[in-house]
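Student: Below is the sequence, then the predicted model.
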Amino acid sequence: AQSVSQHNHHVILSEAASLELGCNYSYGGTVNLFWYVQYPGQHLQLLLKYFSGDPLVKGIKGFEAEFIKSKFSFNLRKPSVQWSDTAEYFCAVNQPYSSASKIIFGSGTRLSIRP
Amino acid sequence: NAGVTQTPKFRVLKTGQSMTLLCAQDMNHEYMYWYRQDPGMGLRLIHYSVGEGTTAKGEVPDGYNVSRLKKQNFLLGLESAAPSQTSVYFCASSYSRGGSESNQPQHFGDGTRLSIL
């Protein structure tokens, strides 16, 4: 069965620091990969997605993620974080062409930015 | 643009009571999903639907039932609420007709915070 691992449960950074959140998945076949963000008290919003092509994906708000197939990883990065990036970040994977388009979510990483 | 709308936003129930959470989407999406979100566990899929009149079990279906009588609505029912069902419930929808279009991301509602005493 597919699974998604986010090993960092809580990350605390100062403003302007660089960010990298880890995400590893277990499925060996073709996958689609997503990062979602959930700001305090709000619903999940799509940050970026990878389907195929260039493994370096640009998302909204200056975020990017790199798909490394050999490492089964899809880490999220941002060169310089802002206080407004305080949120919970979820990595997710689904299997294309599956019968249900179900997405498996990681347990999330809470990001706290010190002003 | 309403997107995905969940009602109610908050509810407190006593153990053994029943209730129904409503999810409505106005994007003509085929697929709809119900998740629960618990601290440290991310989102777990309860039930999902691939189209009007169809439902299927997800990762944690026990204690819940669902119905998809209309394409735009997906109802989640708790027949006899238990404290373990205290959680935040999110509904989501996605546009998919299979094939490469199963790549489509999900659109989420604002969530329903449910407390069972």
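Tutor: Thanks, I have it. Residues are numbered from 1 along each chain as shown, chains lettered A, B, ... in the order given.
Student: Which residue ranges of chain B form strands?
Tutor: Remark: strands assigned in chain B by DSSP state E are B:4-7, B:10-13, B:19-25, B:31-38, B:42-51, B:54-57, B:65-67, B:73-78, B:87-94, B:107-108, B:112-116.
Student: of those strands, which approaches A:Phe74 most closely?
Tutor: Nearest of those to A:Phe74, taken as CB to CB: strand B:42-51 at 15.1 Å. Bear in mind the C-beta positions are built from the backbone N, C-alpha and C, glycine included.
Student: And the closest one, what does it pack against?
Tutor: Judged by 3 or more CB pairs under 8 Å, 6 or more residues apart in numbering or on different chains; DSSP states H and E, strand B:42-51 is in contact with strand A:103-105, strand B:31-38, strand B:54-57, strand B:65-67, strand B:73-78.
Student: now it against strand B:87-94, angle please.
Tutor: Interaxial angle, strand B:42-51 versus strand B:87-94 (axes from the mean of the first three to the mean of the last three CA atoms, to 10 degrees): 40 degrees.
Student: Could you figure out how far strand B:42-51 is turned away from strand B:73-78?
Tutor: Using the same axes, to 10 degrees: strand B:42-51 against strand B:73-78 is 130 degrees.
Student: got the buried residues for strand B:42-51?
Tutor: For strand B:42-51, burial by neighbour count (16 or more other CB atoms under 10 Å in any protein chain shown) applies to B:Gly42, B:Leu43, B:Arg44, B:Leu45, B:Ile46, B:His47, B:Tyr48, B:Ser49, B:Val50.
Student: For the third one, give me the pLDDT.
Tutor: So that's B:Arg44. On pLDDT, B:Arg44 comes in at 90.
Student: Same check on the one 10 residues further on?
Tutor: pLDDT, B:Thr54: 92.
Student: Look up how far B:Tyr64 lies from it.
Tutor: B:Thr54 is 16 Å from B:Tyr64, where distance means CB to CB, to the nearest Å.
Student: Which residue of the two possesses the greater neighbour count?
Tutor: Between B:Thr54 and B:Tyr64, counted using other CB atoms under 10 Å in any protein chain shown, B:Tyr64 has the larger neighbour count: 19 against 10.
Student: Give the closest residue to residue 23 in space, chain neighbours not counted.
Tutor: Just so you know, I chose chain A. Nearest residue to A:Cys23 in three dimensions, chain neighbours excluded: A:Cys91, at 3.5 Å (CB to CB, 6 or more residues apart in numbering or on different chains).
Student: Oops, wrong one, chain B.
Tutor: B:Cys91 (3.4 Å).
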